[in-house]
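In: how would this look folded up:
(one chain, ligands or ions: 1)
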Amino acid sequence: MDLQWYPGHMTKARRMMQENIKLIDLIIELVDARAPLSSRNPDIDQLGQQKSRLILLNKADLADARKNQEWGAYFQEKGFYTVMADARSRAGLKVIHTMIREACKEKLERDRRRGIKNRPIRAMVVGIPNVGKSTFINTFAGKACTKTGDRPGVTKGKQWIRLDKNVELLDTPGILWPKFDDPQVGERLAMIGSVKDEIVDMDGLTLKLILYLKGAYPGILQERYKTKEDGDPADILGDIARERNCLKKGGDLDHTKAARLLMDEFRSGRLGRITLE
Ligand code: G4P
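Out: Take a look at the predicted model:
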């Protein structure tokens, strides 16, 4: 799939990130648990050298539970602190707080040795579009937080959200640009909604999703749409159109409508918990 990303955005995002990274101790990197490799930009590893790192496998509620475990172990093995999350829910926040301290234990120890007391950990949330950065900041900051930093008349300061006496979070997330070198990466990103639908061939993408689901999650399409799975993806899409009454004006099957419907049901989790890689 031929997807475009705009170099202008990329340069600006990178510059912002470089400036902000200087100010922080910890990078909280959100990836989409349904496609944890495709939804990372490996450049963050270079940008974030010398910083503590925490990877949040977000949207874990939509991803395959067994795969979540496997991906968690994969990132841990690579040396990242890792935690699974549903950024909309406050339920996992305690674990995340604990992980933040764990990820920054060397800094805390350094401060202690130097006699620095109560200097909060400063953190920044980063990730590609749509992984849940804003949702996470809102949930994590909650109502009780106080904004620090910018005061009237001081234009340049950053806004920090004080989460508790130990942690401050930069209020604007760092946006990473997706990498499309591998066409399959672009496809997975489009499936999880991290690429604007307007630049995606939705019918073609849906056929690829059907092909993947047939192989990786046999039975799932049959159960939901009463279709035989041994057919060609285009035939399966036709069955879905028939089953869901996706018809054009003259009564012909509307494959585009059916494709949209299937993609929506996949993205919202109505098709079940699915991981794409
Ligand atoms: P971004 O800042 O990284 O671009 O992402 P954002 O927070 O805007 O989240 C993108 C969408 O993903 C939002 O849905 C948000 O509710 C949803 N989301 C974020 N984290 C999770 C999660 O852990 N699990 C699930 N299931 N969804 C999550 P939306 O449909 O665009 O908006 P809305 O309908 O929630 O308003």
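
In: Can you read off the backbone torsions of residue 19?
Out: When read as degrees, to the nearest 10, the backbone of residue 19 gives phi -60, psi -50.

In: What number of residues are in the vicinity of it?
Out: The number of residues packed near residue 19 is 11, by other CB atoms under 10 Å. Quick note: C-beta positions are derived from backbone N, CA and C, even for glycine.

In: now swap in residue 14 and tell me
Out: Residue 14 has 16 neighbours, counted by other CB under 10 Å.

In: could you say which helix or strand contains it?
Out: helix 7-21 (DSSP states H and E).

In: need the contact list for the residue of the chain found nearest the ligand.
Out: As assessed by CB to the nearest ligand atom, the ligand sits closest to residue 132 within the chain, at 2.9 Å. By CB atoms under 8 Å, 6 or more residues apart in numbering, the contact list for residue 132 reads 30, 32, 58-59, 87-88.

In: that older thread, so what secondary structure elements neighbour the helix holding residue 14?
Out: When contacts are defined as 3 or more CB pairs under 8 Å, 6 or more residues apart in numbering; DSSP states H and E, helix 7-21 packs onto helix 43-47, strand 121-127, strand 174-175.

In: Surely residue 253 is in contact with residue 244?
Out: No. Using CB atoms under 8 Å, residue 253 is not in contact with residue 244, being 10.2 Å away.

In: residues near the closest residue to the residue of the chain closest to the ligand other than its chain neighbours, how many?
Out: Leaving aside its chain neighbours, residue 132 sits nearest to residue 87 (4.0 Å; criterion: CB to CB, 6 or more residues apart in numbering). Residues near residue 87, counting by other CB under 10 Å, number 24.

In: again, but for residue 15
Out: Counted with other CB under 10 Å, residue 15 comes out at 10.

In: Let me know the pLDDT of it.
Out: In this model, residue 15 is scored at 84, pLDDT.

In: Likewise for residue 135?
Out: With respect to pLDDT, residue 135 has a value of 94.

In: quick one: contacts for it?
Out: 87-88.

In: Which of the helices or strands spans it?
Out: helix 133-141.

In: I'd guess residue 168 is in a strand, am I close?
Out: Yes. Under DSSP: H, G, I helix; E, B strand; the rest coil, residue 168 falls within a strand.

In: where's it relative to residue 183, distance?
Out: 40 Å (CB to CB, to the nearest Å).

In: more neighbours, those two?
Out: residue 168 (25 against 11).

In: All the helices of the stretch 101-250 of the chain, residue numbers only.
Out: Secondary structure of the stretch 101-250 of the chain by DSSP state H, counting those that start in this stretch: the helices cover 105-113, 133-141, 183-191, 202-216, 220-225, 233-243.

In: List the buried residues of the fifth one.
Out: Within helix 220-225, the residues that qualify as buried by neighbour count (16 or more other CB atoms under 10 Å) are 220-221, 224-225.

In: With the third one instead?
Out: By neighbour count with 16+ other CB under 10 Å, helix 183-191 contains the buried residues 185-191.

In: by contact count, what packs against that helix?
Out: helix 202-216, helix 255-267.

In: Can I get the ones you listed in CSV including mean neighbour count and mean pLDDT?
Out: Listed next are the helices and strands packed on helix 183-191 as CSV, based on neighbours: other CB atoms under 10 Å; pLDDT from 0 to 100:
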stretch, mean neighbour count, mean pLDDT
helix 202-216, 18, 97
helix 255-267, 19, 97
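
In: how about the buried residues of helix 220-225, which pair is most distant?
Out: Of all pairs drawn from these, the one with the longest distance (CB to CB) is 220 and 225, at 9.3 Å.
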